[in-house]
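Visitor: can't give you the sequence, but here's the structure:
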Ligand SMILES: CC(C)(COP(=O)(O)OP(=O)(O)OC[C@H]1O[C@@H](n2cnc3c(N)ncnc32)[C@H](O)[C@@H]1OP(=O)(O)O)[C@@H](O)C(=O)NCCC(=O)NCCS
């Protein structure tokens, strides 16, 4: 009744069906969040990645696409790991479609010699009922363990002038710098060092993740991806004695009114405790409010155990908008 097979995401008909399934699933499961737009999925999935290998599987019922799964393996670090996403259309659930897609993902992991599977399952902050966390029920059924719990937080713009003024602390030697789309080459080495620390310094729960390798090529690839999904990178950093010691980036959609996403925020351990995390985030938000007054919300994820980052976000006024659990299965 259901056929599951690998699909070619470069095929326009496949991509358009894929977008429809993702859109229907997101509107059903996380209605408070902006769903991925077709253009974003096209840019993201069709990027000629240099640092990762990707694959796409879909489930069909009488020729209609009813479920999707895509896999991602880093080619530059974490050689044991395979990340995947899996979604089944709400009208076709509890009929083993998800299980059939997962079997393809597992077979692919085995072929690639990847022993740890990682998948994210998201539920909205409010609401109830038996289907509030279908991903969690499904993952637990298939032997996954909840390795890290994150909260999805949302900040409604604009911030008040009082909040911005009250948080600005210019009385030290840190210089606040900013960039758009491309990180200036002079900061790449420092930014790569900070990026590698994102994994080692933020709480990772039981996740089997090892230090990541970042270099200029990988940054440029990420920037290519942001451009391909029709977004801009808005970056802010703190510089002391010629070194970039803190960085924070937002991705902001081009042209259309849509929500922005907070990406990394990290402060070098030697420079923590000076309010830099709050200051660089705030500088970026203030620039966004001035340059893009159409953006109404910023979304971010934080590990539930990441007290310092949550404190910064509470200060800025972020509120919890959902829970995202990372489910892990080892020895696949
Ligand atoms: C999670 C999801 C992919 C499951 O797809 P599905 O085709 O309904 O899954 P299956 O029919 O193969 O379910 C297999 C088993 O998983 C468990 N399961 C599935 N959905 C569940 C739910 N809503 N609550 C509790 N357990 C659930 C059950 O044990 C089920 O077996 P049963 O129906 O005999 O009780 C689908 O609900 C979905 O797309 N959710 C939104 C996206 C998402 O969360 N993705 C992350 C996946 S980890």
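Guide: Nice, I can see it. Model, not experiment: these values are computed from the prediction. Numbers count the residues shown, from 1 in each chain.
Visitor: show me where the stretch 151-300 of the chain has helices.
Guide: 161-167, 188-201, 216-228, 276-291 (DSSP state H, counting those that start in this stretch).
Visitor: got the buried residues for the third one?
Guide: Pointing back at helix 216-228 there. Using 16 or more other Cβ atoms under 10 Å as the test for burial, helix 216-228 gives 218, 219, 222, 223, 226, 227, 228. (Each C-beta comes from the backbone N, C-alpha and C, glycine too.)
Visitor: could you look up the SS state of the spatially closest residue to the last one that is not a sequence neighbour?
Guide: Using Cβ to Cβ, 6 or more residues apart in numbering and skipping the chain neighbours, the partner closest in space to residue 228 is residue 43 (3.3 Å). Residue 43 falls in the helix class when you classify it by DSSP: H, G, I helix; E, B strand; the rest coil.
Visitor: can you list the residues of the stretch 101-250 of the chain near the ligand?
Guide: 119, 121, 131, 134, 135, 137, 138, 139, 141 (Cβ under 6 Å from any ligand atom).
Visitor: so the fourth one touches residue 93, yeah?
Guide: Read that as residue 134. Yes - counting by Cβ atoms under 8 Å, residue 93 is a contact partner of residue 134 at 7.0 Å.
Visitor: that older thread, what's the residue nearest to residue 228 in contact with, if anything?
Guide: 225, 227, 228, 229, 230 (Cβ atoms under 8 Å, 6 or more residues apart in numbering).
Visitor: now, among the residues you listed, which is nearest to the ligand?
Guide: residue 229 (20.3 Å; Cβ to the nearest ligand atom).
Visitor: number of nearby residues for the closest one?
Guide: 20 (other Cβ atoms under 10 Å).
Visitor: and the gap between residue 231 and the ligand?
Guide: Using Cβ to the nearest ligand atom, to the nearest Å, one gets 23 Å for the distance from residue 231 to the ligand.
Visitor: among the residues of the stretch 101-250 of the chain next to the ligand, who's most crowded?
Guide: residue 139 (25 neighbours).
Visitor: which other helices and strands does the helix or strand that contains it contact?
Guide: Residue 139 belongs to helix 134-141 when assigned by DSSP states H and E. On a contact count with 3 or more Cβ pairs under 8 Å, 6 or more residues apart in numbering; DSSP states H and E, helix 134-141 meets strand 116-124, strand 145-156, strand 319-329.
Visitor: if we go to 7 Å?
Guide: strand 116-124 (3 or more Cβ pairs under 7 Å, 6 or more residues apart in numbering; DSSP states H and E).
Visitor: partners of the strand it packs on in the sheet?
Guide: Applying DSSP bridges, strand 116-124 is found paired with strand 81-88 (parallel), strand 319-329 (antiparallel).
Visitor: any idea which of the ones you listed is most buried?
Guide: strand 81-88 (a mean of 22; mean count of other Cβ atoms under 10 Å).
Visitor: right, and the helix or strand after it?
Guide: Taking DSSP H and E, what comes next after strand 81-88 is helix 97-112.
Visitor: avg pLDDT for that following helix?
Guide: Averaged over helix 97-112, pLDDT sits at 98.
Visitor: re the thing from before, for the buried residues of helix 216-228, which one is nearest residue 185?
Guide: residue 219 (9.9 Å; Cβ to Cβ).
Visitor: wait, that closest one touches residue 182, no?
Guide: No - the criterion here is Cβ atoms under 7 Å, and residue 219 misses it with residue 182 at 8.7 Å.
Visitor: would you confirm that residue 187 contacts residue 246?
Guide: No - under the criterion of Cβ under 7 Å, residue 187 makes no contact with residue 246, lying 10.9 Å away.
Visitor: more neighbours, these two?
Guide: Using other Cβ under 10 Å as the criterion, residue 187 and residue 246 rank with residue 246 on top: 25 against 19.
Visitor: return the set of residues that bridge with the more buried one.
Guide: Applying DSSP bridges, one finds that residue 246 bridges with residue 238, residue 267.
Visitor: can you tell me how far it is from residue 185?
Guide: In this structure, residue 246 and residue 185 are 18 Å apart, going by Cβ to Cβ, to the nearest Å.
Visitor: and for residue 215?
Guide: 12 Å.
Visitor: these two: which is more packed in?
Guide: residue 215 (14 against 9).
Visitor: now do the same contact list for that one.
Guide: residue 192 (Cβ atoms under 7 Å, 6 or more residues apart in numbering).
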